[in-house]
Each structure stands twice: as structure tokens, then as C-alpha cells.
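Enquirer: heads up, no residue letters with this:
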């Protein structure tokens, strides 16, 4: 099968990329890493966190690189001053939204939000931080969800649906009140669809879903979705 | 009428709303176009005796404010208040479905699209995308089947144009959909309507049943090979479900959450098939364009923005109601000529154009013409067509806070700026209106609202900061007064918790 | 460099664990270089009673949690040119702010701390400063010029920021400032 190659420019560098590639991957293949949080290789892109926004010349709008395919002769900017400023805003808003206290968090030093704040130089948050009392569910034998640390990236929901295929997890309510729930808002122990596969904990970018008693560095595995998908495709 | 013995000579018919909200109920007597206002059972006796029996219209009960209709131009609302919405025969008698007949009998789908392109019609849902262009995109899309979705999820508080249209002239929507479906090659359509509109739902259900029984919907429309079926889908009360990709998710039976575009629905909509999504007001224009030609339609309005637009005129105005005006009319004409100026002799302060995510414009901008591009330039939007007039008793800081709060509640929660950002903006407003504001808050508000506008995923987040941005632009001194002097001239802010609960 | 031309530096310890000050001391031999350029005019590790006037740089550890600290912070801000939040408690509230989840009730926090764990003679002390309803990071109360996050911030980071500032440059925090 012949693949149609498109010529375009990313940050001034001319590249050729197969048609249908998302900007995020096209940039990565050419050595340009665009910051992401909700995106995870192997899962359908979501476009929610807005960290990967890029500029495409000719349009006043910003485009999420994870879910926008490349086009012929596009001129893409991934790191303008405005984008840097906006990425810092995203991280600040996430840090301010719920209770994020790194020093006492199970995911300290293994947290993608913490790493992102470091990488982008978010040395303080301009908004008043919220200290929430979202419910914690530790009824499951070993899986725990602390919704106060959740950034609503929905990686857990997507991996549960798209890879494990059981769709135990989903969202209830909307907006700032959104909450990840099991089945029809059951306690985790009572969920009849959960297979206890742990994939949700493996891909949670923060310390919201974790395995009790297991070192978090051991749990986390960002490659798991892409790995399983690849294995399935080979069969 | 029985009492006066005229029940055989005249007929009482029910109609949809004529749009004069402040003086309802209204009664129209034909011939002669006599409109009576604020009618009560007692008054009916006088009207029947004097007007019908004696032929002497009761002058002091007639609708007095002719200005209200003079500057209006009723195309979409051509039948509103004039026909019985529950009788398809009434619609046909007014020339209804003749445009469909013309399409099927004499026009090719390309011909139909050509007419719509010539008309210059733009989407009335708010974004103003050229309708003809959208149709060609869907018509050209390779995959099939194709779908058409009519958007009747009018979620803005204080906006009721689509609802009135559906309740007063449902067949105009259905005929528009049929013509659109013929043009793009769709066989299945959905009207997405919010469940909070029970009367509109009943009316549409009845209209669809009637159209089916008359062979206007089904496997062979008007006995031609063209087949089209229509279904209603009900929203569950979320504002964001009016966003086009959220509608798609909801019609498919999923949670009404928007997704980034591209892919655009024209290529990948319902079940990844090409889908045309159109506001019902846009669709109601279509039969007129086909009957009279695109060139005729383009004569109304401005060259770049043709036709008319329905607005729900509310707030502190003398004649609130549903109006339809030609594009390009100025805000001053709408507020002061049609609306009759500010109620109770108060002073005009601002007008909010475009619903909860519209812009607050001061008196100096009242000469701005109403069209997509001019409104965007001054920071407002066409949006769903809500115009709220604010008088001197309104506090602009409190107004911005109120609409931000609405959008915080209605955010779907998918993207960070809209979910987490708007909530922070609202907290800053709470600080300011409770006397804890600092001057640095103004900078934070400006920075965050521009960020939310630029970085949000869908139209909700992208327009939600408009009231904040425009009030900061045009009424900054009020913010400063709130922060520095802890003073609210309108007396809305700085209330204690008890006072708020009482209010 | 004479005493009078040295940069006048102060450090303050609000509601924190003193770990940030420990980290400051962990600059080890670099402190000797630092001492050539700065004069420490106020600190929990030196014996000065009142916060002096005309301070060039003040590093503050800890969140603002009670009335006394609030006054102290305001005084320091008035008398300092460059104010630096040192460590997560000062920058985010951190552990000190964990109590903020029990909204609007300093009383509930005191009960939990002094009464519930106590077996006999449980009492809330009265001789201590009144708690603020929320423990807050410094920049929510006064203007802060620079931030050094970390729990604690590493001695290297503290040294980097101070060195840059003393050299008249703006420290670049990208890739350096780690919460937690």
C-alpha cells in the first residue's frame, strides 16, 4: 500500500509525514516533543487537557496536536511565547482545581502533572488553590481512587473501555463536579464489571488511582495501552 | 359568538405566538390584520359585539405599538401567529410545501444548493457559517448514508426564538429539512430538541405525523423516488448539548460532550457518516429561498450578511418579545424603536447581545449594525439571538459574575480551561463582589478570560468569557470602584450571606 | 566587601517544619562564599528580636496560618525589597494547608489536634495566636517576587536562585522547580 507523504513545516523545519498522522506524532517523529497530559499512545485521543495546543499559520485558532491531523503545506508552531504562557495556565488551573499536595501524595516523583509543572517552570499558582473533599473509594481489594487528585484526563476510562473492553469506569455529573465512577456509581468493591486488571492505575498520570501497598514506580506503565494494542494487531 | 349568533360566519383558530410578550394574550382578527392586546374573557365579549357584529374595531383595545412591527421583517416568522400550527392544511394554504414540490419536480440537488449559495444565507445557530457551502461539503462527501440534524436545543436563559418557531410553524422546519435532505442526499433526519419544550415537542410530533400521512415524509416523498424519514431526539437539559459535536454524541445515545474538530461533521458526523447540522431557524428560511430565488433573499439584510434574524428581546425594555429584523439593523433601532426604550423611564446602561456568552455593549456602541462580523468586532456574538437590555440599576460586575456562574454550571468538564478556568474566574468575582477584591484581580481576570477564550475546546468555553472581557473593556471603572472604594452604584453587591439568601 | 555594602538578607520561619532552613544550611561550603556577599540581618538562627528596616532580600519558609504570622509577613513585606517564598508551604500551603479541606472551621481543626487525641485534661490552649480559617501561601496575602518550590527545595536550587539574584540576573525555573 502506498502511503501519501505530505510536506509541511514544524517550527520552521521542513518535514514529510504520511497523510493522516496527528501533528503530535509528526512532531515527535521529527524530534519535537509537545507537552501532553490526557494523551496516551494506544488510546483514542481526547483533546481535553489543552497542553498540546499548537498554532497553524493562517488560522487564528489553536489546535490540539494530539487529535489534529497534518495537512499539506501546514506551517505549525509548537512553542511560541503565547503557547508557553497558555501551557503554564493549564497546569496552574489543574493544580488549583483540586487538592494537589505533592509532598504527601502517593505519586510524588512519579507524577506527570508534577513533572509538567517542573518542566514548564510553574513555580507558583496565580489562583487560589481549592482544597476539595471529593470521595475516596478504597473498598476494592487493592485498587484505590482518590478523586481529590483526579485531573479528569479520562485515561482510566478510555483504557477500561478501549483496551480492557469492560467500560467499568465512566464520568458522572459535569463540569467541575465531574467524577470518575464505577458502573452506575457503585463502590468499587461492588462493581460487577471490574476485572481488577489494574490498567487504570498503570496509566493514571497522577496519584488518583493507585494500588495499595505497591510502590507507585512499580505500578505506573505508560506503554501498556500501546503494547497491548500492538500485540493484538499482530495476531 | 354563539351568544351573538355569529358562530357560523367566523371561526376561532389557535395560533402560535406572535411575539408580543408584554401584552399577551393577543387575538388576531382577519381580514384586516386587527391585533387585540391583553385580552381577557370579559374583553372578548366587547370585541365580538363591536368588531364582528357591528364591524367597529374596538380602538382602545387594539395593539397600539405599531412601531414594534414596523421595523421588523418577518420571513422566518412569516406564519407565526397567523396559522394553526396543528393543521398542516393551514401551512399548505399559505403556500407551504410548494417549495419542496418545486425542488422535487423541477430542480436538481445541485440546483438547490446553487440557490442557497446565491442567497448568501449563513447558519443561524450563532457561528454564521455559509449554509450553501456547508451543503456542498456534505453533498460532496463520499461516504453514505448521510444524515441531517436540526438543532432545536435552545439552552440559553431568556432565549425562545426556536421554541416559538417550532410551536407556531413546525412545518416550515420540516419542509426546510426535506429540501436540505434532497440537496445533500440524506435519507434520515433528526430534530434534536430539549425536553424542557413540551409544547414544541407535541407540536412537532403532530406535524411529523401529519406530514407522514400526507406522503411528505416516508419512502416516496410526493410520490417521487426521494425518501426521507424524520425522528425527534430529546436533550436532557444540558446547555452544552447545543454544540454541534455534542448533539451528535447525544443523538447517538452517548454523553453530550463536544469533541475537537476536525474531522468536521460534514465528513464524519453521526456514526462517522457525513452529517449536516443546521439550526431550525436556518432551515425555516430555506422554503422561501427556493420559492423566491436566492437573489430575492439576498436583497434583505447586508451584502455579507443576508436575510433576517430572530431575537429574543428581554430585560429592562418596554416591549419585550420575539422579534425578527433584517441583518444590518442597528442595536439602537432594536432597543429604542422596536423595544420602545428602557422600561420605567430608567437610564440605559448596556445591552447584552448573544445570550449568556454574549458581550455587554455600552451606549456608545448602539449604532453598531447587527451582523456576524460587526458584532464579533465589538466583542459580542450573534449566538442564539438573545438581547438583554440592562438599565442603570444593573451592576456590570454582578452581570458578568452571573453569566460566568451559568457557564461554570453548564461546562461539560472535558477541557481544562472551561472546567477549571471558569470556576476560578467565578471565584475571583465572588471575592470582588464581597469586598475582598484587589487590583491585581483585574489582571488575573483579563489573563484568564483571554486564555479560556483561546484555549477551550468548543464554542461554550470559547465564548463564555465574553461578558467578562467586554465588561472589563467597556466598564472597567465599575470594577475599580468595586475593588478600591468597595462601592456598587447599582446596590447589587457587598451583601452579607443572610441578605443573599433572602434575595 | 565591607559590612555596609553587603546585601542585607533575612529569613523567616512561619508555619513550616524548618526543613527549608535545613536545606538552606545544606549549601555547606557555598555558605562561606555567600557570607562574603550577604549580611544575615534576621533569621531564626540568629538572635535578633525585631525585623529590621531596609532589608534587601527576605526568604520566607512556611505558610501563613495564624494572626501573628500574618502581621509578621506584612511587616517583612513593608521592609524588604525582594521577597522570596521558600519551599512548598510558602508557595502552595502544602502540609500546613491540609486542614483547609475542613472548610471555614478553625475550631474543628483545633478540636482534632488538641482534644480528640488527648486522654485526660483535654484543652485547647489559649495563649497561642489565633488560627486563620485557612492556611495560605504567601502570595495570596502579599506580593511575592520569586518562588523556590520544593519540600524541601534542594540546597542546589536555593544556591542557584540566590547566586543569580546576587549577580543581578533573573533565575530560570524551567526544569528546576520541583514541587514535593
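Expert: Right, received. Where do you want to start? It should be emphasised that the depicted structure is a prediction, and the values quoted were computed from it without experimental measurement. Residues are numbered from 1 along each chain as shown, chains lettered A, B, ... in the order given.

Enquirer: what's the burial count for the residue nearest to residue B:327 when sequence neighbours are not counted?
Expert: Leaving aside its sequence neighbours, residue B:327 sits nearest to residue B:301 (CB to CB, 6 or more residues apart in numbering or on different chains; 3.4 Å). No exception for glycine: its C-beta is placed from N, CA and C like everyone else's. By other CB atoms under 10 Å in any protein chain shown, 25 other residues sit near residue B:301.

Enquirer: Tell me the predicted confidence for residue B:301.
Expert: Residue B:301 is assigned 94 on the pLDDT scale.

Enquirer: cool, residue B:224 as well?
Expert: For residue B:224, pLDDT reads 95.

Enquirer: I'd guessed it sits against residue B:103; true?
Expert: No - distance between residue B:224 and residue B:103: 9.8 Å, which falls outside the contact criterion (CB atoms under 8 Å).

Enquirer: So which of these two has more stuff around it?
Expert: residue B:103 (26 against 13).

Enquirer: Let me see the contact set for that one.
Expert: Under the criterion of CB atoms under 8 Å, 6 or more residues apart in numbering or on different chains, the neighbours of residue B:103 are B:112, B:179, B:182-183, B:290.

Enquirer: if we go to 10 Å?
Expert: B:109, B:111-112, B:115, B:175, B:178-179, B:182-183, B:221-222, B:224, B:226, B:286-287, B:290 (CB atoms under 10 Å, 6 or more residues apart in numbering or on different chains).

Enquirer: Which of the residues you listed sits closest to residue B:136?
Expert: residue B:183 (9.0 Å; CB to CB).

Enquirer: which residues does the residue nearest to residue B:327 form a beta bridge with?
Expert: residue B:306 (DSSP bridges).

Enquirer: Now whatever residue of the stretch 1-150 of chain B ends up closest to chain A: which helix or strand?
Expert: The nearest approach of the stretch 1-150 of chain B to chain A comes at residue B:127, 12.3 Å away (CB to the nearest CB). Here residue B:127 is covered by no helix or strand, with elements defined by DSSP states H and E.

Enquirer: hmm, back to that, please enumerate the shared neighbours of residue B:224 and residue B:103.
Expert: Joint contacts of residue B:224 and residue B:103 (CB under 10 Å, 6+ apart) are residue B:182.

Enquirer: List the contacts of the closest residue to residue B:121 other than its chain neighbours.
Expert: Nearest residue to residue B:121, sequence neighbours excluded (CB to CB, 6+ apart): residue B:131, at 4.4 Å. The neighbours of residue B:131, taking CB under 10 Å, 6+ apart as the test, are B:113, B:116-117, B:119-124, B:180, B:276, B:278-279, B:282-283, B:285-286, B:289, B:307.

Enquirer: can you check residue A:10 too?
Expert: So residue A:10 contacts A:17, A:23, A:26-27, A:29-32, A:34, A:54, A:65, A:70, A:74-78 (CB under 10 Å, 6+ apart).

Enquirer: Got a quick PyMOL command for the buried subset of the residues you listed?
Expert: Remark: buried members of these, expressed as a PyMOL selection using 16 or more other CB atoms under 10 Å in any protein chain shown:
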select buried, chain A and resi 17+23+26+27+32+34+54+65+70+74+76+78
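
Enquirer: Residue ranges in the chain under the pLDDT threshold?
Expert: Chain wasn't specified; assuming chain A. Residues of chain A meeting the criterion pLDDT under 70: A:1-2.

Enquirer: wrong one, chain C
Expert: C:1-4, C:103-104.

Enquirer: Do a quick rundown of the strands in it.
Expert: Per DSSP state E, chain C carries strands over the ranges C:7-13, C:38-42, C:55-61, C:64-66, C:80-86, C:131-136, C:146-148.

Enquirer: What pairs with the first one, parallel or antiparallel?
Expert: Looking at strand C:7-13 with DSSP bridges, its partner strands are strand C:38-42 (parallel), strand C:55-61 (parallel).

Enquirer: number of nearby residues for residue C:118?
Expert: 10.

Enquirer: now the strands: where do they sit in the stretch 201-350 of chain B?
Expert: Ranges of strands in the stretch 201-350 of chain B, per DSSP state E, counting those that start in this stretch, are B:229-235, B:275-279, B:301-302, B:305-306, B:308-315, B:321-326, B:348-353.

Enquirer: and the residue of chain B nearest chain C?
Expert: Taking CB to the nearest CB, chain B has residue B:440 as its residue nearest chain C, at 8.0 Å.

Enquirer: tell me the domain ranges of chain A?
Expert: A:5-79, A:104-234 (automatic domain parsing).

Enquirer: So for residue A:164, what's the nearest residue that isn't a sequence neighbour?
Expert: Per CB to CB, 6+ apart, closest to residue A:164 is residue A:197, 5.1 Å.

Enquirer: count of residues packed around that neighbour?
Expert: 17.

Enquirer: For it, list the residues it contacts.
Expert: A:143, A:159-160, A:163-166, A:168, A:224.

Enquirer: Can you say which two of these are spatially most distant?
Expert: Maximum distance among the contacts of residue A:197 (CB to CB): 17.6 Å, for A:143 and A:165.

Enquirer: Have a look at those two and say which one is more surrounded.
Expert: residue A:143 (22 against 10).
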